[in-house]
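> have a look; sequence and predicted model below, questions after that.
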Amino acid sequence: MTIVATHDGVEEWRPMENTSGARGRLPVTETLSQLRLRELLAEVQDRITQIVDVRDRMDRLMEAMLVVTAGLDLDNTLRTIVHTAIELVDAGYGALGVRETDKTSNQLSEFVHEGIDDRARVLIGDLPRGHGVLGVLIADPKPIRLSNLSDHLSSVGFPANHPPMRTFLGVPVKVRDEVFGNLYLTEKAGGLEFTEDDEVVVQALAAAAGIAIENARLYEESRVRQQWLEAIRDVATELLAGSPTDHVLGLVAERGHTLTGSACTFLALPEDPDVPRDEITELVVVAAAGVDADSLIGKHIPLEDSHSAEAFRSGHTVAADSPAHNPLFESAEDFGPVLTLPLRANGLVTGVLTSVFPAGAAQVSAVDQALMTTYADQAAVALQLADTQRRMRELDVYADRDRIARGLHDHVIQRLFAVGLSLQGTMQRARSTEVRGRLDETIDDIQAIVQDIRFSIFDLQSNTATDSSTYRKRLHDIITDMTDETGLRTTVRLAGPVTVLEPPLSDHVEAVLREAVSNVVRHAKASTVGVELIVRDEVSIEVTDDGAGIDPETSRRSGLANLAARAAQMDGTFVIAPQAQGGTKMRWTAPLD
C-alpha cells in the first residue's frame with residue numbers, strides 16, 4: 001500500500017505495484033516473522049519455566065534446610081538428612097556414612113540409609129565400611145558425580161542381593177571444617193543422571209547438615225555433661241549428709257555404670273588407706289555395679305602388671321581393648337574395651353574407678369573420657385571431704401570422752417576413794433565381826449567399782465579408728481601398760497588381719513584385753529602371762545597364766561561379769577577355767593559379722 005495524490009488534491013491509499021516482478025515475496029516474509037515470534041515466545045516461556053523451577057527448587061531447599069536444622073537428637077537428625085536429600089534430587093536410594101573418630105582410619109563407624117527395605121537389608125549382610133567408591137570419597141572429600149557407578153576404577157561391585165545402582169552422587173558433610181561423613185545418593189528417578197544443579201543443591205544441604213549435626217552434638221554433649229554433674233552432686237550430697245560410706249561407694253559405682261553404659265563398673269581402694277603409697281601392694285574392690293557385681297566386691301587386685309596398677313601408680317587414665325590384664329575377669333573375650341580412671345584428690349591417687357564394656361563396643365570417645373575423669377576426680381574429692389568431716393566428728397567425740405574421763409577421774413574416783421578410806425577407818429573401830437566382814441566386802445566392792453571406772457575411762461580414751469599403723473601398737477601398749485611394773489614375763493601373739501576389726505568390735509577387743517590382763521595382775525599371783533589374739537572367721541582372745549588359778553564360783557566379780565556381758569553383746573562366748581598344769585585360761589570370742 002502507498003499514499004497517492006488525486007486530481008482534486010485528496011490523498012488516498014492505493015495498492016503498491018510489483019515493479020520487481022517477484023510475486024509471492026510478501027507472504028514468505030510474514031511467515032518468517034511469525035516463526036521468529038513463536039521461537040521468541042517459546043524461549044521466554046522456557047526461561048520463565050526455568051525461573052519457576054529454580055524458585056520452587058530453592059523453596060524446597062530452604063524448607064529442607066529448616067527441617068534438617070530443627071532437630072537436636074543426633075540419630076534423628078542423620079535420618080532426616082538422608083530422607084531430605086533423596087526428596088530434593090529425586091534419588092531412589094540415599095545414605096549417610098559417618099567416619100570413625102580416629103582420623104587415621106578411612107572406615108565408616110555408622111551407615112544411615114534409606115530406600116532398602118528390612119528384608120533386603122538382612123539378605124545383603126554387613127553394612128558398608130568404606131571400600132570402593134565410598135572409600136575414594138573418604139580419602140579425598142570432594143563431590144563425585146557418576147553416570148555409571150560400575151565404570152569407576154575404584155568400584156568393587158555390590159554384594160549378593162543388593163539392588164542395582166547406576167547413577168551416583170556423593171558429597172562430603174563437614175562440621176567446622178572437619179569431615180563428619182559423606183552423603184551418598186543413587187538411582188535418580190526416570191533413569192536420568194544427576195545434574196550439576198543436583199550437585200549444587202546437595203552441597204548446600206550438606207552445609208546445612210553440618211550445622212545441624214554440630215548442634216545435635218553440642219546438645220547431646222551438654223545433656224550427658226548435665227547427667228554427670230547430677231551424678232557428682234548426688235554423690236556429694238549423700239556423703240555430706242552423713243550416709244554410710246559403703247552406700248556412697250555403691251552409688252559412685254552404680255552411677256558410673258549407668259552413665260557409661262558399661263557391662264560393669266567397680267571401685268577399688270587400698271585396704272588400709274593410711275599405709276604409705278609405696279607400700280601398697282594391692283587394691284580391694286569395695287563397690288561394683290553391673291555384671292557379676294556381687295562376686296567382684298571384696299576381691300583383691302595385685303598392683304602388678306594390671307591396668308589398675310598402671311592407673312594407680314601413674315595417676316593417668318588407662319584405656320585398653322580388653323580386660324586381659326585384669327585378674328578379676330577369667331574370660332576376657334566376653335568383654336570389650338576397658339577404661340580405668342584414677343581417683344585423684346589434692347594431688348594424691350586414692351583408688352581407681354574401672355568401667356568394662358561389652359564385647360564389640362567402641363572405644364570411649366575423648367569427650368566421654370574427659371567427663372568420666374571429672375566424675376572420678378570429683379568423687380575422690382567428695383570422699384576425701386567426707387573422710388575429713390568424719391575425722392572432725394571423731395575428734396569432737398574424743399573431746400567429749402576426754403572431758404567425761406577427766407570428770408570421772410577427778411571427781412567420782414576421788415570421792416569413792418574418800419568413801420573407801422572412811423569405811424576402812426570405821427572397820428577398825430567396829431567390834432562386831434559380822435560388821436567388819438560386811439565393811440570389808442563393801443570396801444572390796446568400792447575398789448572394784450573404781451577399777452571398773454578406770455576401765456571405762458580407758459574405753460573412753462581409746463581411739464575408735466582401726467588403722468593398721470596404730471591399732472596393733474595400741475593393743476601391744478594395752479598389755480605393756482598393764483604389766484610394765486609387775487615383773488610378769490609376757491608373751492604376745494597377734495595373728496590374722498587385725499585391721500579388719502571395726503567399732504564396736506574393736507572397742508570390745510581392747511576392753512577385754514585390759515580386763516583379762518588386769519585380772520591376772522591383780523588376782524592370779526602369776527609369774528608369766530600369755531596373750532593370743534587371732535582373727536579368722538571370728539576374733540578370739542586367749543589369756544593364760546601360771547598362777548594360783550581361779551575359782552569358777554567367783555563369777556560375781558564385776559570384771560569377769562563385764563567380760564561375759566561383752567561376749568553376749570557381740571553374740572560371742574566367754575569361758576574361764578583352770579588349766580591342768582596350773583594357772584588359768586580365759587577365752588573370749590566374737591564373730592566378725
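Thanks, I have it. Predicted model only: the values in this text are computed from it and were never measured.
> the stretch 151-300 of the chain: strands as residue ranges?
Assigned by DSSP state E, counting those that start in this stretch, the strands in the stretch 151-300 of the chain fall at 168-175, 178-188, 264-270, 282-290, 300-302.
> ok and the longest one relative to strand 168-175, angle-wise?
In other words, strand 178-188. Interaxial angle, strand 178-188 versus strand 168-175 (axes from the mean of the first three to the mean of the last three Cα atoms, to 10 degrees): 160 degrees.
> touching strand 178-188 from outside, list them.
With Cβ atoms under 8 Å, 6 or more residues apart in numbering as the test, strand 178-188 has contacts from 81-82, 85-86, 89-99, 108, 110, 134, 137-138, 141, 149, 165-174, 194, 198, 202, 205-206, 209-210, 213. Heads up, the C-betas are built off the backbone N, CA and C, glycines and all.
> try the third one
The list of residues contacting strand 264-270 from outside it, by Cβ under 8 Å, 6+ apart, reads 249, 252-254, 256-257, 280, 282-293, 296-297, 301, 308, 328, 343, 350-356.
> show me where the chain has helices.
25-70, 74-89, 118-124, 133-139, 196-240, 245-260, 293-296, 307-314, 366-407, 414-429, 433-461, 468-483, 505-519, 558-569 (DSSP state H).
> just those helices: most buried one?
For the helices of the chain, average neighbour numbers computed from mean count of other Cβ atoms under 10 Å are highest in helix 505-519, which has a mean of 22.
> give the closest residue to the residue nearest the centre of the chain in space, chain neighbours not counted.
The chain has Gly256 as the residue nearest its centroid, 2.4 Å off, counting by Cα atoms, centre = their mean. Spatial nearest neighbour of Gly256, excluding adjacent residues (Cβ to Cβ, 6 or more residues apart in numbering): Thr265 at 4.3 Å.
> again, but for Lys299
Using Cβ to Cβ, 6+ apart, the closest residue to Lys299 is Val285 (5.0 Å).
> try His508
Distances taken as Cβ to Cβ, 6+ apart place Arg566 nearest to His508, at 5.0 Å, with adjacent residues excluded.
> residues contacting the one you found?
His508, Ala511, Val512, Gly572, Phe574, Trp588.
> ok now do the first one, which residues does it touch?
I take that to be His508. Counting by Cβ under 8 Å, 6+ apart, His508 makes contact with Arg566, Gln569, Met570, Ala590.
> now do 10 Å
His508 is in contact with Asp459, Leu501, Val539, Ile541, Leu563, Arg566, Ala567, Gln569, Met570, Gly572, Trp588, Ala590, counting by Cβ atoms under 10 Å, 6 or more residues apart in numbering.
> for it, give its distance to Leu339.
Using Cβ to Cβ, to the nearest Å, His508 is found at 43 Å from Leu339.
> with Asp400 instead?
Distance from Asp400 to Leu339, by Cβ to Cβ: 45 Å.
> and if you look at Phe194?
Remark: distance between Phe194 and Leu339 (Cβ to Cβ) = 44 Å.
> go on, Asp117?
Where Leu339 is concerned, Asp117 sits at a distance of 38 Å (Cβ to Cβ).
> higher neighbour count, the two?
Leu339 (25 against 9; other Cβ atoms under 10 Å).
> before we move on, the earlier item: using TSV, lay out the contacts of His508 together with pLDDT.
Listed next are those as TSV, based on pLDDT from 0 to 100:
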residue	pLDDT
Asp459	58
Leu501	83
Val539	92
Ile541	94
Leu563	88
Arg566	90
Ala567	91
Gln569	91
Met570	91
Gly572	93
Trp588	95
Ala590	93
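> re the thing from before, pLDDT value on the residue nearest to Gly256, please?
Predicted confidence (pLDDT) for Thr265: 90.
> next one: Val156
67.
> for Glu30, same thing?
At Glu30, the pLDDT value in this model is 62.
> cool, and Arg522?
Listed pLDDT for Arg522 reads 81.
> what do you get for Ala565?
Per-residue pLDDT puts Ala565 at 88.
> now do Leu40
Looking at Leu40, its pLDDT is 62.
> repeat that for Ser558.
For Ser558, pLDDT reads 57.
> how about Leu35?
64.
> and Arg472, by the same measure?
Reported pLDDT at Arg472 in the predicted model: 74.
> my read: it touches Thr499, true?
Yes: applying Cβ atoms under 10 Å, one finds Arg472 in contact with Thr499, separated by 8.1 Å.
> now Asp292: how far from Asp410?
Asp292 sits at a distance of 58 Å from Asp410 (criterion: Cβ to Cβ).
> list the contacts for Gly298?
Val284, Val285, Val286, Ala288.
> wait, I meant Leu74
By Cβ under 10 Å, 6+ apart, the contact set of Leu74 is Val98, Ala212, Ile213, Asn215, Ala216, Arg217, Tyr219, Glu220.
> for Leu72, see how far away the second one is.
Using Cβ to Cβ, we find Ala212 at a distance of 9 Å from Leu72.
> can you report how many residues lie near Gly530?
As a burial measure, Gly530 scores 17 neighbours (other Cβ under 10 Å).
> do the same with Pro497
Look at Pro497: counted by other Cβ under 10 Å, it has 12 neighbours.
> identify the bridge partners of the closest residue in space to it that isn't next to it in sequence.
Once flanking residues are discounted, Pro497 sits nearest to Val535: 5.6 Å by Cβ to Cβ, 6+ apart. Judged by DSSP bridges, the bridge partners of Val535 are Val539.
> so what's Val535 up against?
Leu494, Ala495, Gly496, Pro497, Val498, Thr499, Val500, Leu501, Leu505, Val509, Leu592.
> is it true that the fifth one touches Leu505?
No: contact status for Val498 versus Leu505: not in contact, 11.2 Å apart, counting by Cβ under 10 Å.
> quick check, nearest of the contacts of Arg566 to Arg415?
Proximity of these to Arg415 was ranked by Cβ to Cβ; the top entry is Ala511 with 23.8 Å.
> ok, the closest one to Pro270 distance?
Distance from Ala511 to Pro270, counting by Cβ to Cβ: 29 Å.
> next up, the contacts around Ile213.
Residues near Ile213 by Cβ under 10 Å, 6+ apart: 68-69, 74, 77-78, 81, 96, 98, 173-176, 180-181.
> ok, it to Val112 distance?
Distance of Ile213 to Val112, given as Cβ to Cβ: 11 Å.
> hey, what's in contact with both of the two?
Common neighbours of Ile213 and Val112, using Cβ under 10 Å, 6+ apart, are Thr77, Leu78, Ile81, Leu96, Val98, Gly181.
> what's the distance between the first one and Leu385?
Using Cβ to Cβ, Thr77 is found at 41 Å from Leu385.
> go on, the fourth one?
As judged by Cβ to Cβ, Leu96 and Leu385 stand 47 Å apart.
> and for the third one?
Spatial separation of Ile81 from Leu385 under the definition Cβ to Cβ is 47 Å.
> same check on the second one?
Leu78 is 43 Å from Leu385, where distance means Cβ to Cβ.
> restrict stretch 145-165 to CA atoms and write it as CSV.
Output in CSV follows, covering the C-alpha atoms of stretch 145-165 (Å, rounded to 0.1, in the frame of the first residue of the first chain):
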residue,chain,number,x,y,z
ARG,A,145,29.0,-37.4,40.3
LEU,A,146,28.9,-40.5,38.1
SER,A,147,26.6,-41.6,35.3
ASN,A,148,27.5,-45.3,35.9
LEU,A,149,28.8,-46.3,39.3
SER,A,150,30.3,-49.6,38.0
ASP,A,151,32.5,-47.8,35.5
HIS,A,152,34.6,-46.1,38.2
LEU,A,153,38.1,-47.5,38.6
SER,A,154,37.7,-47.9,42.3
SER,A,155,34.3,-49.7,42.0
VAL,A,156,34.3,-53.1,43.8
GLY,A,157,30.8,-54.1,42.8
PHE,A,158,27.9,-54.9,45.0
PRO,A,159,27.3,-57.9,47.4
ALA,A,160,24.7,-60.5,46.6
ASN,A,161,21.0,-59.5,46.9
HIS,A,162,22.0,-55.8,46.6
PRO,A,163,19.6,-53.8,44.3
PRO,A,164,21.2,-52.4,41.1
MET,A,165,22.6,-48.9,41.3
